[in-house]
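Q: Fold the following and give me the result.
(one chain, ligands or ions: 1)
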Amino acid sequence: MHDYTNTTTVVTGASKGLGEAYARELASRGAHLVLVARSSDALNTLAGQLRKAHSVRVDVIAADLSDRRAAQTVADTVEELGLEADLLVNNAGTGSVGPFLGRPLEPNLRSVDVNVTALVALCHLLGARMVERGRGGIVNVASTAAFQPMPYQAGYAATKAFVLSFTEALAEEVRHTGVRVMAAHPGAIDTGFFDGTTASVDPRAADTPARIAAGTLDDFARGRSVSYPGRAFNRAGTWASRLLPRTTVVRITGGLNRKLGFDDVRDLAPGLDSAAS
Ligand SMILES: NC(=O)c1ccc[n+]([C@@H]2O[C@H](COP(=O)([O-])OP(=O)(O)OC[C@H]3O[C@@H](n4cnc5c(N)ncnc54)[C@H](OP(=O)(O)O)[C@@H]3O)[C@@H](O)[C@H]2O)c1
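A: Next up, the predicted model:
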């Protein structure tokens, strides 16, 4: 797939952040879209803007991907809409930050449900149909966090390690089917990922969602099986993780996250975001 024009892409987590940027970039490249997330108002607003700005069809599916039945609902709805997914961008993601034992369990479990379980289910349900048709693509959004254990983001980094391993294996399994599977590994992105907590992303050290979205889609169009769409420094960091002993790596990542204050994260009152704290 070198051209997104008139293809249909399902983008999960499209209501804000990187997923919204994927939707905007895909629409500007002529792709029809199915936008998935919980926030139906945000999805409908975005869908309206994209229809107005580009000659593309945009459908919305409001779904909570932490619910085990949601992936099937998404697949069924795509079929009921009379659409075939040419591309699936598994972008929806969430993660707890802070000391694992000092933070609530529920967000940790939810990140496994969304980042792992829903991603696997959507790959299975939509990927099987792509293989039947002999064409299609899947982009799974992992992270540079996938390459090493990360104290104070222990559960989140582990979900991304799963996405990395799963995506590489699936890409190899379908190599001769006409379906391509690619993992994307951004570093820090300037989104609201940590909203609701005292943790924040330093915008000076982060890429914009628009840059990451465009880079990922360019890499997929070029036929790459892996994308490092952010600044070069991020990719170099993944090599260090592969070369150094894991005990050394986990000490380093623990130290870096302590410097960012991730060992002492608190929830903010509703309505306050981390930039305001
Ligand atoms: N920000 C970073 O520094 C960074 C770095 C590397 C990788 N990533 C990855 O990039 C992806 C996008 O993250 P982001 O930074 O754009 O985060 P974000 O701004 O918090 O957006 C997350 C998106 O996922 C959706 N989502 C969360 N829980 C969901 C659920 N239960 N059901 C359905 N949708 C759900 C949200 O929509 P609703 O709330 O409307 O449901 C939202 O659209 C994630 O996979 C993340 O791990 C982020």
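
Q: tell me which element Ala42 falls in.
A: In this structure, Ala42 is located in helix 40-53 according to DSSP states H and E.

Q: so how far is that helix from its chain's centroid?
A: Taking C-alpha atoms, centre = their mean, to the nearest Å, the mean C-alpha location of helix 40-53 is offset from the chain mean by 20 Å.

Q: Please, where are all the helices along the stretch 151-277 of the chain?
A: When secondary structure is read from DSSP state H, counting those that start in this stretch, the stretch 151-277 of the chain shows helices at 154-173, 209-221, 232-243, 246-259.

Q: how deep is the residue nearest to Arg57 when sequence neighbours are not counted tucked in, by neighbour count?
A: The shortest distance from Arg57 to any residue that is not its chain neighbour, by C-beta to C-beta, 6 or more residues apart in numbering, is 4.2 Å, and that residue is His32. Backbone N, C-alpha and C define where each C-beta goes, glycine included. His32 has 21 neighbouring residues, counting by other C-beta atoms under 10 Å.

Q: follow-up on the earlier one: quick check: next helix or strand after the helix holding Ala42?
A: strand 58-62.

Q: and that next one, what other elements does it pack with?
A: Using 3 or more C-beta pairs under 8 Å, 6 or more residues apart in numbering; DSSP states H and E, the elements in contact with strand 58-62 are strand 32-37, helix 40-53, helix 70-80.

Q: let's see 7 Å
A: Counting contacts by 3 or more C-beta pairs under 7 Å, 6 or more residues apart in numbering; DSSP states H and E, the secondary-structure elements packed against strand 58-62 are strand 32-37, helix 40-53.

Q: Let's see it as PDB, backbone CA atoms only.
A: Extracted C-alpha coordinates of strand 58-62, given in PDB (Å, rounded to 0.1, in the frame of the first residue of the first chain):
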ATOM      1  CA  VAL A  58     -15.900   9.300   8.100                       C
ATOM      2  CA  ASP A  59     -17.800   6.900  10.400                       C
ATOM      3  CA  VAL A  60     -17.700   6.900  14.200                       C
ATOM      4  CA  ILE A  61     -17.900   4.000  16.600                       C
ATOM      5  CA  ALA A  62     -18.200   4.800  20.300                       C
END
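
Q: what's the offset of that strand from the middle of its chain?
A: Using C-alpha atoms, centre = their mean, we find the averaged C-alpha position of strand 58-62 to lie 18 Å away from the chain's own average C-alpha position.

Q: Give me the contacts around that strand.
A: For strand 58-62, the surrounding residues in contact (C-beta atoms under 7 Å, 6 or more residues apart in numbering) are 32-36, 38, 40, 43-44, 47, 50-51, 74, 77, 81.

Q: From these, list the buried ones, please.
A: When burial is judged by neighbour count using 16 or more other C-beta atoms under 10 Å, the buried members of those are His32, Leu33, Val34, Leu35, Val36, Arg38, Leu43, Ala47, Leu50, Val74, Thr77.

Q: Which elements pack onto the helix or strand harbouring Met130?
A: Using DSSP H and E, Met130 falls within helix 119-133. For helix 119-133, the contact count by 3+ C-beta pairs under 7 Å, 6+ apart identifies helix 70-80, strand 87-90, strand 136-141, helix 154-173, strand 179-184 as packing neighbours.

Q: Point out where the stretch 1-150 of the chain drops to low pLDDT.
A: By pLDDT under 70, the low-scoring segments of the stretch 1-150 of the chain are 1-2.

Q: try 50
A: Confidence mapping of the stretch 1-150 of the chain against pLDDT under 50 gives zero matching residues.

Q: Close to the ligand: what parts of it are there?
A: Where the stretch 1-150 of the chain comes near the ligand, counting by C-beta under 6 Å from any ligand atom, the residues are 13-19, 37-39, 64-66, 91-94, 114, 141, 143.

Q: one step back: would you check that the residue nearest to Arg57 makes contact with Thr8?
A: Yes: if you go by C-beta atoms under 7 Å, His32 and Thr8 touch, sitting 4.6 Å apart.

Q: Distance to Ala70 added to the helices and strands packed on strand 58-62, as TSV?
A: Supplementary listing: these in TSV, determined by distance: least, C-beta to C-beta, whole Å:
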stretch	distance to Ala70
strand 32-37	9
helix 40-53	14
